[in-house]
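S.K.: Here's a sequence, model it:
(one chain, ligands or ions: 1)
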Amino acid sequence: METVQAIARHADDNLLDDYFDERLLVRGEWRKIKHELNSLSPQLLRRLGDYFMRRNHADLAIGCYKTILRAGEATKQDRFAHASLLMQFRGMAEKEGQYADALEAFRELKEVSPTSLPALINIALYWMDAVERPEEWAGEVREAMALALQIAPGLPLCHYILGIVDEIEGDAKSAAQRYYHVLEMDPSYGAARIRLHWPDNWRFLDRKQRERLSSWNTDMPDVNELVVDRQGGSIEAARSVFKKFNAVIIRNMFADDAWVGIRQDYYQQLGERMHKDKRGMWLMEDVDQSLRGSVTRLTDEAGLESWLHGILGEKYDDWRFAEHHAWHIQRRDAGGEWVTPCHQDHPVFCANNGYATCWMPFDKCGDDRAPGLELFLDDIEHPILLQEQFPHMPLTLPTEFVHEYLEPKRLRPEFVPGDMLIFAPLVFHKTEALDAGAGGKRMSCDIRYKIGPTAWGFGEMQA
Ligand SMILES: [Fe+2]
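M.R.: The predicted model follows:
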């Protein structure tokens, strides 16, 4: 009881940060007092929950909201916060049960508040993320979207989701018209455009619609439009490029010799491991326990945190910057076997704002000598699940079709050591494939950050 009372005192004094840093979180005391949460008032639990959420301790925050819910004193906001956090976990691989709880939480929220747009939309997003048996509750999603459209008739997302429901139920004719309607509302809605181009859907458009559609084509950026030079550029400039293209290349983010030491230490080792492990990408910790520390030191020196916060943090200014657990190091050789195909890093439908991949080459590449990283810049704001990558999911599109569709959107930037590429989790990208004759090789690392609650890992591929 003493601990709980101390929490209450600190919460009142707004000193939670000091209290938890030094005692609870560090020493794991939280586990000891979990059962005492019932004795805290809903107001205090709410404050604690919000606090934990800001500190990226989503599991602790969930514990607080859950306690309010159990006590039957939850407001709609408590329910929403609880459900959103569960959804943020979206651990299809690691936290399956918790993810399913999110659906229940949003269903409950819908019961309490039938006109809650977030509840309605999140039910649908969950459905699209976990669609192993989508036909079983396609009806519920259709009904939720019908309600959502009464509240917000101009929301293209609802029409897009209804198009997916139509596809699942085998009504390609209706799906095509829905995707077309989405594009009438928002011509840059890339996910609707790609699904509409799938021949099964496309055949239901008439000639006039096809003509109109081609006139809505969005322009491809020139590679140079993606570049901000740190020398003479600004975080604001990088932010506006990222906002427009979901990607930005920052030249001179690091000194050009920043990676020399790491390159010297690991090139040969990684080459040997490529043959032994039959792959060209490793978790940093699997290569060397201290490697992540060396990379962190260099990124700290370069002030990466403030750049990323400036670029991504718009919606989350009061949220902490968090490292995502998956940091990798890669080696790619021209003509080498290990070429990562075109993919999205985090193809998850649930809200995923503020997450980014930072990719840093240690060698000159993308210059027809050493394999760079190619980007496919189409404004695709939802996952496009590729059959090859997700053979068990029903919402997939054939991989070859997607590749062909994206081909005209391909950009092949040149990179030099010191550059950093930042891109959003739904940007398609791949390793640049080069003939062995080109002869070059590159090392790179990719590190991920999130502003807001940290997501659990997802089966990502690296390029
Ligand atoms: Fe990737």
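
S.K.: hey, let's count contacts and neighbours off CA atoms from now on
M.R.: Noted.

S.K.: in which helix or strand would I find A119?
M.R.: Secondary structure assigned from DSSP states H and E places A119 in helix 117-129.

S.K.: again but with V339, I slipped
M.R.: Counting by DSSP H and E, no helix or strand carries V339.

S.K.: again with N201
M.R.: N201 is located in helix 199-202, with elements delineated by DSSP H and E.

S.K.: elements contacting that helix?
M.R.: Counting by 3 or more CA pairs under 8 Å, 6 or more residues apart in numbering; DSSP states H and E, the packing neighbours recorded for helix 199-202 are helix 172-185.

S.K.: mean confidence for the helix it packs on?
M.R.: The average pLDDT for helix 172-185 rounds to 96.

S.K.: Can you name the element that comes right after it?
M.R.: helix 190-197.

S.K.: Not counting its own residues, what contacts that next one?
M.R.: Contact partners of helix 190-197, identified using CA atoms under 8 Å, 6 or more residues apart in numbering, comprise 160, 176, 179-180, 182-183, 201-202, 378-384, 402, 405.

S.K.: got it, and stretch 385-401?
M.R.: Applying CA under 8 Å, 6+ apart, the external contacts of stretch 385-401 come out as 128, 131-132, 134, 164, 168, 198, 347, 384, 402.

S.K.: Please tell me which one of the residues you listed counts the most neighbours.
M.R.: Highest neighbour count within the contacts of stretch 385-401: I164, with 25 neighbours (other CA atoms under 10 Å).

S.K.: Tell me how far that one lies from W198.
M.R.: Separation of I164 from W198 (CA to CA, to the nearest Å): 13 Å.

S.K.: and the lengthiest helix in the chain, what does it pack onto?
M.R.: When the chain is parsed with DSSP state H, its longest helix is helix 96-112. Other elements packing on helix 96-112 under the criterion 3+ CA pairs under 8 Å, 6+ apart are helix 76-89, helix 117-129.

S.K.: Which one, of those helices, ends up nearest to A105?
M.R.: Each of those was checked against A105 via CA to CA, and the shortest separation belongs to helix 76-89, namely 5.0 Å.

S.K.: before we move on, back to that, mind putting the contacts of stretch 385-401 in TSV, distance to the ion, secondary structure and pLDDT included?
M.R.: Below are those laid out as TSV (distance: CA to the ion, whole Å; DSSP: H, G, I helix; E, B strand; the rest coil; pLDDT from 0 to 100):
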residue	distance to the ion	secondary structure	pLDDT
M128	21	helix	84
V131	23	coil	68
E132	24	coil	71
P134	27	helix	79
I164	25	helix	94
I168	28	helix	90
W198	24	coil	95
P347	11	coil	83
I384	14	coil	94
V402	16	helix	96
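
S.K.: Identify the farthest-apart pair in those residues.
M.R.: Across the contacts of stretch 385-401, the two members that end up farthest from each other (CA to CA) are P134 and V402, 22.1 Å apart.

S.K.: one step back: so can I have CSV of the helices and strands packed on helix 96-112 showing distance to E211?
M.R.: As requested, the helices and strands packed on helix 96-112 are arranged in CSV below (distance: least, CA to CA, whole Å):
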stretch, distance to E211
helix 76-89, 40
helix 117-129, 30
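
S.K.: How far off centre is whatever helix or strand comes next after the helix holding N201?
M.R.: Downstream of helix 199-202, the first helix or strand assigned by DSSP H and E is helix 207-215. Counting by CA atoms, centre = their mean, to the nearest Å, helix 207-215 is centred 32 Å from the centre of its parent chain.

S.K.: just stretch 251-261 next, same as before
M.R.: Computed by CA atoms, centre = their mean, the separation of stretch 251-261 from the middle of its chain amounts to 27 Å.
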